[in-house]
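Colleague: Fold the following.
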Amino acid sequence: MRISIAATLLLSAGVALAAPAAVQRLDAGGDGFIDDGYALRDDGKAIAYITTDGATAATLHLVEVGGKEAKVAGAPIDALAVAWLSPTRILVIRGRDGSSTAQAFTAAGPDKGKPIGPFDKFAFATVGGKRAFVTYTRSEKHGVEHALAAYSIDTLRPLKKRTWREDAEGQIKQGASSVKPLWWAEGFTVLAALRAGEFDKARDMRRPDRYARLDAFGGKVLSESEVQDVLGFAQISLIRRDVPNQAVIARFSDDRKKLMLIDGIAQHEVTLPKPLWKYDPTTLAWQTLDDKRVALSLTIDPVNPDAVNHKKADPDDIDLYVVDRQTQAVRPLMTIPGEGRRSSWQLAGNRLLLMRKDKGFDRGGIALELYDVADDSRAAKP
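Modeller: Residues are numbered from 1 along each chain as shown. Next comes the predicted model:
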């Protein structure tokens, strides 16, 4: 779902940040491990997560921050993700690509009725002015087909459906001509496509190809423009194809000497207060906060070149930053000790929820930690 945070960043880019204290810590205890699917409610006041042994049993936990906890038995052992539908309802997505289903849960247990699915991928978006759960399925049974379905967040009843079919040349019909699908955006509600340039008789030349954004459910062209930088556009197309529905994508340059943000079809370099060689590039994570900001994190490599020169390992601190999407200006948000573990995180409601991953197991983690983020009531709300 759309997540936002109104945070005031009180420290300048060059000031070291003290490690904050966790507001609350949730441990797996004797229930196995905490699965990868967890969710901080939009207001930052409740957490949903699943504990499981990965084989026979799973429990959904609904926790009010600093308050009561509800444990719901019968959660799926193959949960892929969880998301808040309302202050009391949780959507649990289970399975993997091609076989995923979704079902709503409350503290009383799963909703009655047939789960949504199966589908390949999912997202949350706005469809027809309403918040929706959107599913996407790619099929090759009768040629390549892209099936989309949107469901009401309130009732999980269908809102809209649409299927796009590719011809033998990988084109889909749009209006009087055809376009080549490139990537999906805005929760599968926008299809980015390429329209071949028309022949200009007056100039006796073919015009450049055009980048088009289509309403994925209605088919209407939302915008269209000529591709100016062919090579740059091709690179961004490949990246966005593999990372769909991300308004902003953070990545390292191929030589890992630059940190880049792809915003729309533009790519900008971002300069952090610390040199990039101090960080482990595999730890890069990010979250788009709103139309003005993106948060990102990197973890210090304990044996980075500077540490090797000093013959002393650096702490594996997790540095979190917020980047202005217009200016690419960077401000520190907080620094959290890495504790020798991989991690993942979410920001919502002026709070950050961090998962401490298991050291010897790729799936899930041992604990969730909740941190406050400095807030200023004067900050503009998205």
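
Colleague: Not counting sequence-adjacent ones, nearest residue to residue 27?
Modeller: Spatial nearest neighbour of residue 27, excluding adjacent residues (Cβ to Cβ, 6 or more residues apart in numbering): residue 367 at 4.9 Å. All C-beta atoms are positioned from the backbone trio N, CA, C, and that covers glycine.

Colleague: From the contact counts, what lies against the helix or strand containing the one you found?
Modeller: Using DSSP states H and E, residue 367 sits in strand 365-372. Helices and strands touching strand 365-372, by 3 or more Cβ pairs under 8 Å, 6 or more residues apart in numbering; DSSP states H and E, are strand 24-27, strand 33-40, strand 46-52, strand 330-336, strand 351-357.

Colleague: circling back to that earlier point, and the residue nearest to residue 27, what is it in contact with?
Modeller: By Cβ atoms under 8 Å, 6 or more residues apart in numbering, residue 367 lies in contact with 25-28, 34, 355-356.

Colleague: change it to 7 Å
Modeller: 25-28, 34, 356 (Cβ atoms under 7 Å, 6 or more residues apart in numbering).

Colleague: ok, what's across the strand from the nearest residue to residue 223 once chain neighbours are set aside?
Modeller: Leaving aside its sequence neighbours, residue 223 sits nearest to residue 213 (Cβ to Cβ, 6+ apart; 4.8 Å). In this entry, residue 213 is beta-bridged to residue 192, residue 223, by DSSP bridges.

Colleague: Same check on residue 131?
Modeller: Under the criterion used (DSSP bridges), residue 131 bridges to residue 126.

Colleague: Is it correct that it is in contact with residue 152?
Modeller: No: applying Cβ atoms under 7 Å, one finds residue 131 not in contact with residue 152, separated by 8.0 Å.

Colleague: ok, how many other residues are close to residue 68?
Modeller: 8 (other Cβ atoms under 10 Å).

Colleague: Ramachandran coordinates for the nearest residue to residue 305 once chain neighbours are set aside?
Modeller: Nearest residue to residue 305, sequence neighbours excluded (Cβ to Cβ, 6+ apart): residue 277, at 5.8 Å. Phi and psi for residue 277, reported as degrees, to the nearest 10, are phi -70, psi -10.

Colleague: Residue 303 is in contact with residue 277, correct?
Modeller: No: with contacts counted by Cβ under 7 Å, residue 277 stays clear of residue 303, the gap being 11.5 Å.

Colleague: what's across from the closest residue to residue 28 other than its chain neighbours in the sheet?
Modeller: Using Cβ to Cβ, 6+ apart and skipping the chain neighbours, the partner closest in space to residue 28 is residue 34 (4.9 Å). Under the criterion DSSP bridges, residue 34 forms beta bridges with residue 51, residue 365.

Colleague: Helices of the stretch 251-382 of the chain, start to end?
Modeller: Taking DSSP state H, counting those that start in this stretch to define them, one finds helices in the stretch 251-382 of the chain at 305-310.

Colleague: Tell me which stretches of it form strands.
Modeller: Assigned by DSSP state E, counting those that start in this stretch, the stretch 251-382 of the chain shows strands spanning 259-263, 266-270, 279-288, 293-300, 318-324, 330-336, 343-348, 351-357, 365-372.

Colleague: tell me the angle the second one makes with strand 259-263.
Modeller: Calculated by axes from the mean of the first three to the mean of the last three Cα atoms, to 10 degrees, strand 266-270 forms an angle of 150 degrees with strand 259-263.

Colleague: heads up, I number from 33, so please use that
Modeller: Sure, I'll start numbering at 33, so the last one becomes strand 298-302.

Colleague: Strand 298-302 to strand 362-368, inter-axis angle?
Modeller: Using the same axes, to 10 degrees: strand 298-302 against strand 362-368 is 60 degrees.

Colleague: how about strand 298-302: buried residues?
Modeller: 299, 302 (16 or more other Cβ atoms under 10 Å).

Colleague: Quick one: mean pLDDT over it.
Modeller: Strand 298-302 carries an average pLDDT of 96.
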